[in-house]
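Asker: have a look; sequence and predicted model below, questions after that.
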Number of protein chains: 2
Amino acid sequence: MAAIDRSPIYVQLADQLAERITSGEYEPGRMLPSEARLIAEFEVSRPTVRAAIGHLRSMGLVDSQHGKGSFVRRHDAPVVTIRRAVTQRGKVFTDDSLTPSEAPAVSRTQLHGVAAELLGRADEEAIVVDQLMADTCTGVRIAHRLFIPMDTAAQVPQLAEAPDAPVSAVYAALVDAGLTLSWTETVTARAALPDERAALGGGDGDPVLITRRVTADADGRPLILEELRISAAHGQVAFRIAPEKAPAARRKAGSV
Amino acid sequence: MAAIDRSPIYVQLADQLAERITSGEYEPGRMLPSEARLIAEFEVSRPTVRAAIGHLRSMGLVDSQHGKGSFVRRHDAPVVTIRRAVTQRGKVFTDDSLTPSEAPAVSRTQLHGVAAELLGRADEEAIVVDQLMADTCTGVRIAHRLFIPMDTAAQVPQLAEAPDAPVSAVYAALVDAGLTLSWTETVTARAALPDERAALGGGDGDPVLITRRVTADADGRPLILEELRISAAHGQVAFRIAPEKAPAARRKAGSV
DNA sequence: TATCATTTGTTCGTATGTATC
DNA sequence: CGATACATACGAACAAATGAT
């Protein structure tokens, strides 16, 4: 591999291989040339070849199997679609396709970061309920986290008594308290942390999709925050969009 | 570093460092111990240390700077929030915070994959309009792609004439054609490809957030597909959730 | 069942280049 | 200029998984 370019050899090699993959020359499921063949074809050392393949792995383009080879990843469509809708009929807000796969863990925390911003309560205390869920059909795992600020818990005693109740019960408690609810949901993604990869599954380079639902009262005051995390390799999130009366004003970080 | 664990040394090292970072012992912005110090502290070789740090980089935990050191990444909140709402007032469906930063590129393609599924038109032809947009305030770049199936173009001649019109004009044309519109939007994410990292920005390990809006007519027949891609480091997507009358039925891949 | 070639995984050592301060 | 620190690249050895003989 001649150093025509000034970019590193392993990047050039990775780009060439990525080109062959995205162009379809290397079809999904097919094995890449072995390291030995790439060493011969491009006349580089093994560490260089391995660096290039490592790069392709972190881009989610290939998947290496010990003793077999590196294979072009099939980018299957996400298996699970989480439909983020709410129903108000009969005070039921259930998503029955998800079942708990572990006992919920209740703890307390000082609100900070994104959660504090979304709840509009910096440095206040909140109850946190963590629960690992699983999709009933596919077994795909989803991490669920619920933030209940202390003043919301004070306002709705049922929440303080049983914060680890099913989500539908939590919403029902809010409605029972005479509140009129509204919801805003934000979606973001980031690289998976080690423990998330272990808990949620997903291969190297698969990001984690994070969706945060803020439930507010009629005045727009945030009441609770629900957070779902799922490996983007297995799941996606779906929304039904309804036309709004007011012009859609774009919001920036900080005002969220 | 004793091999108590059976996992590779560089993974153990990466996990230990990741622990120090996520626990807050290494605060954001702070420099990691240099490679030389890590070699001394953990008594491993330089390639092992570098492999561990490379791992942290691909997880988006650290950012290495040539000649200075590796630093704990500040996970700033996304700068741009794309509010995915539609307004029907005055037939305006505009998102005026985005301005084109390049001329639109119009081409044709055979529908396949996710786009074909969402449009319910496998192997049919469609007009594709690609355009790189930028957020007016921040300059954050967003890739916009619009799919117009041929039969929709035939039904709404304005689309065939000017497929590269602003999105608001495209929606206006659909309304002018007497159609009643409804929208569903799905969000997913995946690792950034090399060209996407170049076009959209974002560091190593930052995924790309992809949101796809299907516009359908009153019968639920998909008309067009709009696709936005943004680096998850810079942007997130926000939805306003309205209660639905019917119970939320979860949909699976294949029926999307 | 056992052996062997192939292939990737891990780890070491070493040398040189280049950016920063 | 020199010291520090990361980036790139090569070579070598052994381990471990796989599949075929």
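Answerer: Looks like it arrived, so ask away. Numbering: from 1, shown residues only, chains lettered A, B, ... in the order given.
Asker: what about the stretch 101-250 of chain A, any weak spots by pLDDT?
Answerer: For the stretch 101-250 of chain A, the stretches flagged by pLDDT under 70 are A:244-250.
Asker: now the helices for the stretch 51-200 of chain A?
Answerer: Remark: helices assigned in the stretch 51-200 of chain A by DSSP state H, counting those that start in this stretch are A:113-119, A:150-155, A:157-161, A:167-176, A:194-200.
Asker: residues of chain A that sit close to DNA strand C?
Answerer: Applying CB under 7 Å from any atom of the strand, we find that chain A lies next to DNA strand C at A:32, A:34-37, A:46-47, A:50, A:53, A:64-70. Bear in mind the C-beta positions are built from the backbone N, C-alpha and C, glycine included.
Asker: any quick PyMOL command for the buried ones out of these?
Answerer: This is the PyMOL syntax for the buried subset of these, where burial follows 16 or more other CB atoms under 10 Å in any protein chain shown:
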select buried, chain A and resi 32+35+50+53+64+70
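Asker: what is the nearest of the residues of chain A next to DNA strand C to DNA strand D?
Answerer: If you rank those by distance to DNA strand D using CB to the nearest atom of the strand, residue A:67 comes first, at 2.4 Å.
Asker: my guess is residue A:171 contacts residue A:213. True?
Answerer: No: judged on CB atoms under 8 Å, residue A:171 makes no contact with residue A:213 at a distance of 10.5 Å.
Asker: who's more crowded, the two?
Answerer: Comparing residue A:171 with residue A:213 by other CB atoms under 10 Å in any protein chain shown, the one with more neighbours is residue A:171, at 24 against 21.
Asker: ok, that one to DNA strand D distance?
Answerer: 46 Å (CB to the nearest atom of the strand, to the nearest Å).
Asker: go on, residue A:108?
Answerer: 37 Å.
Asker: just how off-centre is stretch A:118-130 within its chain?
Answerer: Centroid separation between stretch A:118-130 and its chain, computed with CA atoms, centre = their mean, to the nearest Å, is 20 Å.
Asker: right, and residue A:72 touches residue A:29 too?
Answerer: Yes: between residue A:72 and residue A:29 there is a contact at 6.3 Å, judged by CB under 8 Å.
Asker: element containing the residue nearest the centre of chain A, please.
Answerer: Central residue of chain A (CA atoms, centre = their mean): residue A:209, 1.7 Å from the mean position. Using DSSP states H and E, the element containing residue A:209 is strand A:207-216.
Asker: can you name the next helix or strand after that strand?
Answerer: Heading C-terminal from strand A:207-216, the first helix or strand you meet, by DSSP H and E, is strand A:222-231.
Asker: other SSEs contacting that following strand?
Answerer: If contacts are counted by 3 or more CB pairs under 8 Å, 6 or more residues apart in numbering or on different chains; DSSP states H and E, strand A:222-231 sits against strand A:80-83, helix A:113-119, strand A:141-149, helix A:167-176, helix A:194-200, strand A:207-216.
Asker: residues from chain A in reach of DNA strand D?
Answerer: Residues of chain A lying near DNA strand D by CB under 7 Å from any atom of the strand: A:3, A:8-11, A:44-48, A:51, A:65-68.
Asker: rewinding a little: could the helices of the stretch 51-200 of chain A go into JSON lines alongside distance to residue A:135?
Answerer: As requested, these are exported to JSON lines (distance: least, CB to CB, whole Å):
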{"stretch": "helix A:113-119", "distance to residue A:135": "25"}
{"stretch": "helix A:150-155", "distance to residue A:135": "29"}
{"stretch": "helix A:157-161", "distance to residue A:135": "26"}
{"stretch": "helix A:167-176", "distance to residue A:135": "15"}
{"stretch": "helix A:194-200", "distance to residue A:135": "12"}
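Asker: rebuild those helices as TSV, extending it with distance to chain B.
Answerer: What follows is these, written out as TSV (distance: least, CB to the nearest CB, whole Å):
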stretch	distance to chain B
helix A:113-119	6
helix A:150-155	19
helix A:157-161	20
helix A:167-176	11
helix A:194-200	6
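Asker: who wins for proximity to residue A:131 among those helices?
Answerer: Distance to residue A:131, taken as CB to CB, is lowest for helix A:167-176 among the helices of the stretch 51-200 of chain A, at 9.2 Å.
Asker: tell me the secondary structure for the residue of the stretch 151-256 of chain A found nearest DNA strand D?
Answerer: For the stretch 151-256 of chain A, the residue closest to DNA strand D is residue A:203, as judged by CB to the nearest atom of the strand, at 15.3 Å. Here residue A:203 is recorded as coil under DSSP: H, G, I helix; E, B strand; the rest coil.
Asker: so it makes contact with residue A:233?
Answerer: Yes: using CB under 8 Å, residue A:203 and residue A:233 qualify as a contacting pair, with a distance of 6.3 Å.
Asker: which of those two has more residues huddled nearby?
Answerer: Using other CB under 10 Å, the more surrounded residue of residue A:203 and residue A:233 is residue A:233, with 26 against 15.
Asker: what residues are up against that one?
Answerer: Neighbouring residues of residue A:233 by CB atoms under 8 Å, 6 or more residues apart in numbering or on different chains: A:78, A:201, A:202, A:203, A:206.
Asker: for the last one, give me its contacts.
Answerer: Shown here is residue A:206, whose contacts under the criterion CB under 8 Å, 6+ apart are A:60, A:192, A:197, A:231, A:232, A:233, B:190, B:191.
Asker: skipping adjacent residues, who's closest to it in space?
Answerer: Among residues not flanking residue A:206 along the chain, residue A:233 sits closest, at 4.1 Å (CB to CB, 6 or more residues apart in numbering or on different chains).
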